[in-house]
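> okay, structure incoming, though there's no sequence with it:
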Ligand SMILES: Cc1cc2nc3c(=O)[nH]c(=O)nc-3n(C[C@H](O)[C@H](O)[C@H](O)COP(=O)(O)OP(=O)(O)OC[C@H]3O[C@@H](n4cnc5c(N)ncnc54)[C@H](O)[C@@H]3O)c2cc1C
């Protein structure tokens, strides 16, 4: 498959990339791992005139711990996340999700920044960063700003990033004591993207009831979302069959969900339910240690 | 020195070194001086009239050499692509032009070709070709196409009906079913599949004006037939001025048997332009332009007497043939399907009626198994369901109906005469390997714990190596179905083997070399197998229908016999004895009871340096054979699978797969096992994952890429447990039957039977394939399972 003719420029720094974006505006596209963008270009569904390759920007390829949070540069690959010792210890749900993305080639090239910026409705990370209540750092002509992740995913392939902005970093909290998280994916048998993917985070109160619950869901709707109603119903409760049944009842409205070749909205709603229940159980068990 | 017994040895495939090191040479790897690149402009509509095609802008694009339309080809006298199979005198065969002329009939139908100096330029310019379409209503479903007022695909085929075909005794079958103790009835959809060979199709036309010769390189399973069709029917140029070369071919599963429009386009435009023209499909093009497989809608009823003996089987099938008749298309849902409906059972009365129907979809043709998986699906689903309905164990019900080993040759009520078999033996072996009764116990215990385990069986028969030619003619095949071989012994005793079959993944270079090395008592390394070039090989009918070993291998065997007979004459002369005094052993002719001997190598040299040589004998050592088999071969087997269904999500996990196959005499067990593995994977794919879906109103192929069309992957499958039984084929010299399709034929029914077995107690009798999680979930809840997503 042959993309339309395009120019290619490699940016060495964030400033260089921003300057190129400013200069070329809509005609340019940022290239990170290329594992969403290039397939689209080969099908001519995306036809940028210029690719700005940000892959060489060193400072965006690092993972560091800072102030009780872990900061991931936008260019950190799925594979780096999958095998990061730091993350495995301090935020293991992220490697758990990374390991479920595509295949080794995809994980070697694809980046967390690219995945979040692309906002594919069936991508895996969105559920996880929602459940972790992460922060997204965007850098634009006017400098940096922080976007709470709950405001980030706005619709099909649409995010809170503004034209001319780069997604530069993602910050996730170090898992607090007596907390646990899990990501479960029901893969599309063809693409292996998520038909539904659910990430659950649970923090326990001293009496073993849930002090904090967050549920991030991807694949089910045009954009990843939090199941806030169900979260609220679970705070102050222990996680057992009965509470789960009550709390998760009607947790999603099929009318808000996608219906496509892979699954009807009705079935997706059912999967949200089943996967949330399973993910919460796991998160709860992990919180108990 | 003992020569090695090559026949029966699990030798690693000699071709694999080149394949796994990236040194295979496929059509797209060939770059010829001055070569041009073709890009085909394809219809975005399922059905539309072409009002006008404007090509000026595309022609002016830098690098573009020519743009041709269907009309250009028609004006130049290029003919329609013929089908190779006539079903009854009334079969409708509307023209199929390489590029559509006045109407497009499916999404992907070619309308123009852009030829340029680079592929990129051709691709860019293709967007500049303006086609003015008048959209027409489309029909994609074969049952819909038969309804009154359905859009008409071809004016030549009223009601979209290509043919009605029937086989068997209608009245006797009706009577048997009317008086049966129990009748099991099912409505099936054997869904459309998209082959997806790993190597996309590719063709290069190379016209040499000096010699007025045309060479076509093409990724085909069937080079000689392509030459015949292309030269005599389509381009109408002398056959001896056309050479077709199929170099390495990366899989086909049937989809590369047929003569395709792109072969015509490249060949014709190369003649026009005097330069080589190459076309290679991109994957999304393969999805719409490779012939698809299956696509049947069937109602079938099987009747039983009080003791569970089958008394009759009635089958009504509507077969979707797509928009045009592909090369083998008419024969697949008829002769390759209806004749197999006896399966392994003594069914006294069978009647089948098939309607072949045109629709606005990609043409449908043979796909691994070709008709036989569809037949096996009908028979094995019915038998299994009947067992459940009658409260009998599915293995037991089969046992009551098997044709017994002493009943061969066995004449079925649907034409075929089975040569040999031991069906119960294969089933018993599979049950033993799986520890069937223990499995049933486990299933019961699991159910008590709320787990849904299912066990499925499938006892299949296949008819391979369609033959003899007399029969092929009688059933409307417009060709003979023999095979040819030539053995050329070189002066140094090395051997070249020329075969008219064509390997596209089956390992012929190894299997055939094993036969030759074994028979001549020479090292395997001394044998080279050559296929895929009409200039080198006398003739050939290609590779499909698991025919290569049974027919092509037998032709080789016959040529070897001739070589050995001549060698014997030379040996007798050299050793000054009578021919009868010689025995051929370990690559030597030995004077019986002595140690006087002459090696095969010495004989070869003598044949080419005939200083001291038998009077009147021609020099050289090269022999040809054409082998026309006496009958089909009938491989068979019993497969068993175990699945677990997630009661909450409906997801099916395949836990175990046991395959016992009888493919006749085995030349290379490792290759046979590989064929079984691949076939089973494909059969499981149809059961659980694959299915082409067209939008019913727009006629768009919705599963047009691997994002939406699910192929089986390693982690969808367990490790297969493979067992063999060897009942030699009594009528060919190798005793071989064929192994290429066995797995695909058995596996689909086997897995669906297992899932239904897991859910039968919940009231589930059948689930529409593929058994996606949503469909299974719906079935468990008693909801319909025939919608798109479900
Ligand atoms: C075969 C295959 C299977 C896959 N399976 C999965 C799967 O199971 N789950 C899953 O989640 N994903 C899957 N993916 C997608 C994969 O994870 C991609 O790598 C990811 O979605 C995009 O990351 P990238 O670095 O490749 O981005 P690119 O493709 O380079 O870019 C994607 C888009 O984001 C923009 N962009 C990239 N980086 C930035 C940035 N820093 N700031 C602003 N904009 C930016 C680009 O301009 C582009 O529009 C699969 C991909 C393939 C090819």
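The structure has been received and is ready for your questions. Computed from a predicted structure; not experimentally measured. Numbering: from 1, shown residues only, chains lettered A, B, ... in the order given.

> what is the neighbour count of residue A:137?
Residue A:137: 19 surrounding residues under other CB atoms under 10 Å in any protein chain shown. For the C-beta atoms, the positions are set from N, CA and C on the backbone; glycine is no exception.

> what's the closest non-adjacent residue to it?
Counting by CB to CB, 6 or more residues apart in numbering or on different chains, residue A:137 lies nearest to residue A:169, which is 3.9 Å off, once chain neighbours are set aside.

> one more: residue B:614?
If the residues on either side of it in the chain are set aside, residue B:614 comes closest to residue B:573, at 4.2 Å by CB to CB, 6+ apart.

> which of the helices or strands spans that neighbour?
Under DSSP states H and E, the secondary-structure element containing residue B:573 is helix B:554-575.

> please name every helix or strand in contact with that helix.
Counting by 3 or more CB pairs under 8 Å, 6 or more residues apart in numbering or on different chains; DSSP states H and E, the packing neighbours recorded for helix B:554-575 are strand B:483-489, strand B:495-499, helix B:508-520, strand B:582-585, strand B:588-591, strand B:597-599, helix B:600-608, strand B:622-627.

> turn those into TSV, columns for mean neighbour count.
Below are these laid out as TSV (neighbours: other CB atoms under 10 Å in any protein chain shown):
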stretch	mean neighbour count
strand B:483-489	25
strand B:495-499	23
helix B:508-520	24
strand B:582-585	16
strand B:588-591	20
strand B:597-599	18
helix B:600-608	21
strand B:622-627	19
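
> could you point out the longest strand of chain A?
Within chain A, and with DSSP state E defining each element, the longest strand by residue count is strand A:194-204.

> could you give the mean pLDDT of that strand?
What strand A:194-204 shows for mean pLDDT is 98.

> got it, and stretch B:267-277?
Averaging pLDDT along stretch B:267-277 gives 98.

> same check on stretch A:145-163?
Taken as a whole, stretch A:145-163 has a mean pLDDT of 97.

> who's in contact with that stretch?
Identification of contacts with stretch A:145-163 by CB atoms under 8 Å, 6 or more residues apart in numbering or on different chains yields A:25-26, A:116-121, A:126, A:129-130, A:132-138, A:140, A:167, A:222-226.

> span of it from start to end?
Taking CA to CA, to the nearest Å, the span from the opening residue of stretch A:145-163 to its closing residue is 14 Å.

> okay, buried residues for the lowest-mean-pLDDT helix or strand in chain B please.
Of all the helices and strands that make up chain B, helix B:469-474 has the lowest average by mean pLDDT, DSSP states H and E, namely a mean of 85. The neighbour-count check on helix B:469-474 (16 or more other CB atoms under 10 Å in any protein chain shown) flags B:469, B:471-472 as buried.

> quick one: end-to-end distance for stretch B:99-110.
With CA to CA as the measure, stretch B:99-110 spans 5 Å from end to end.

> kindly report the same for stretch B:495-511.
Counting by CA to CA, you get 15 Å between the two ends of stretch B:495-511.

> tell me the mean pLDDT for the helix holding residue B:573?
96.

> buried ones in that helix?
For helix B:554-575, the buried set under the neighbour-count rule, 16+ other CB under 10 Å, comprises B:554-560, B:563-564, B:566-575.

> filter the contacts of stretch A:145-163 down to the ones near the ligand?
A:117-118, A:120, A:167 (CB under 6 Å from any ligand atom).

> mind listing what the particular helix or strand that has the residue nearest to residue A:137 in it pairs with, with the direction of each?
Secondary-structure element containing residue A:169, defined by DSSP H and E: strand A:166-173. Based on DSSP bridges, the strands next to strand A:166-173 in the sheet, each with its direction, are strand A:69-73 (antiparallel), strand A:135-140 (antiparallel).

> farthest-apart pair in the ones next to the ligand among the contacts of stretch A:145-163, please.
Comparing every pair within those by CB to CB identifies A:120 and A:167 as the most remote, at 14.2 Å.

> for chain A, what spans make up the strands?
When assigned using DSSP E, the strands of chain A occupy the ranges A:7-10, A:28-31, A:50-53, A:63-66, A:69-73, A:135-140, A:143-148, A:153-155, A:158-159, A:166-173, A:179-187, A:194-204, A:210-218, A:225-226.

> with distance to residue B:215 as added columns, please give those strands in JSON lines.
JSON lines is the format used below for the strands of chain A (distance: least, CB to CB, whole Å):
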{"stretch": "strand A:7-10", "distance to residue B:215": "39"}
{"stretch": "strand A:28-31", "distance to residue B:215": "42"}
{"stretch": "strand A:50-53", "distance to residue B:215": "40"}
{"stretch": "strand A:63-66", "distance to residue B:215": "57"}
{"stretch": "strand A:69-73", "distance to residue B:215": "55"}
{"stretch": "strand A:135-140", "distance to residue B:215": "59"}
{"stretch": "strand A:143-148", "distance to residue B:215": "62"}
{"stretch": "strand A:153-155", "distance to residue B:215": "55"}
{"stretch": "strand A:158-159", "distance to residue B:215": "53"}
{"stretch": "strand A:166-173", "distance to residue B:215": "54"}
{"stretch": "strand A:179-187", "distance to residue B:215": "46"}
{"stretch": "strand A:194-204", "distance to residue B:215": "49"}
{"stretch": "strand A:210-218", "distance to residue B:215": "53"}
{"stretch": "strand A:225-226", "distance to residue B:215": "60"}
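
> and those, which is most packed in?
Among those, judged by mean count of other CB atoms under 10 Å in any protein chain shown, the one packed with the most neighbours on average is strand A:194-204 (a mean of 29).

> and it, what other elements does it pack with?
Strand A:194-204 makes packing contacts with helix A:93-98, helix A:125-131, strand A:179-187, strand A:210-218, helix A:265-288 when contacts are defined by 3+ CB pairs under 8 Å, 6+ apart.

> among those, which is nearest residue B:663?
Of all these, the one in closest proximity to residue B:663, counting by CB to CB, is strand A:179-187 (35.4 Å).

> now do that closest one against strand A:210-218, angle only.
Our comparison of strand A:179-187 with strand A:210-218, counting by axes from the mean of the first three to the mean of the last three CA atoms, to 10 degrees, yields an angle of 20 degrees.

> pull up the pairing partners for strand A:179-187, direction included.
Applying DSSP bridges to the sheet, strand A:179-187 is found paired with strand A:194-204 (antiparallel).

> what's the angle from the strand it pairs with to helix A:265-288?
Using the same axes, to 10 degrees, strand A:194-204 lies at 30 degrees relative to helix A:265-288.

> please determine whether strand A:194-204 lies in contact with the ligand.
No. Applying CB under 6 Å from any ligand atom, one finds strand A:194-204 out of contact with the ligand, separated by at least 6.7 Å.

> next helix or strand past the host helix or strand of residue B:757?
Taking DSSP H and E as the criterion, residue B:757 maps to helix B:742-759. Going down the chain from helix B:742-759, the next helix or strand is helix B:773-780, by DSSP H and E.

> could you give the angle of that following helix to helix B:742-759?
Angle between the axes of helix B:773-780 and helix B:742-759 is 40 degrees (criterion: the same axes, to 10 degrees).
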